[in-house]
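A.B. asks: 3D, please:
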Amino acid sequence: MTCSGVVGMKVGWPGRSEQREGKPGALPLLSAFLLFVVLASGGCAGWWSRTLPPPDPPLTIMVAQFLVEAPITKSTQMQTFEETPSPEVEPVIRAQLIEEVELRA
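C.D. replies: Predicted coordinates:
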């Protein structure tokens, strides 16, 4: 005797399984959201950690904006040439090399 068939079982709140067939319930989604919030806000690691004493002497952090410029007067300061460029061509080559460096930076 051979028996074959499909056996299925519905798990969920009584009376609501027919209404939400194939859709996740609100309780699992709410539980997952709350778990995520707890873990993202410090989680278990923050509950058992000890606080460290402040450094002695205290750290000083300085924030400032600064600009570093190196004056380039000749193209040979940026590139090596087989022959030194003539004084007429020098400003053009220097401008091209500076533009290339600015584009790459």
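
A.B. asks: in this structure, which spans are helices?
C.D. replies: In the chain, the helices defined using DSSP state H lie at 26-40, 45-48, 90-104.

A.B. asks: out of these, which gets nearest to residue 55?
C.D. replies: Among the helices of the chain, helix 45-48 comes nearest to residue 55, with 21.0 Å by CB to CB. All C-beta spots, glycine's among them, are computed from the backbone N, C-alpha and C.

A.B. asks: mean pLDDT lowest where, among the helices of the chain?
C.D. replies: With a mean of 60, helix 45-48 has the lowest mean pLDDT of the helices of the chain.

A.B. asks: that older thread, ok, and which of the helices of the chain has the densest surroundings?
C.D. replies: helix 90-104 (a mean of 12; mean count of other CB atoms under 10 Å).

A.B. asks: mind listing residues that contact that helix?
C.D. replies: 72, 74, 75, 78, 79, 85 (CB atoms under 8 Å, 6 or more residues apart in numbering).

A.B. asks: one step back: out of the helices of the chain, nearest to residue 63?
C.D. replies: Taking the helices of the chain one by one with CB to CB, helix 90-104 is closest: 25.3 Å.

A.B. asks: ok, and the most crowded of the contacts of helix 90-104?
C.D. replies: residue 75 (21 neighbours; other CB atoms under 10 Å).
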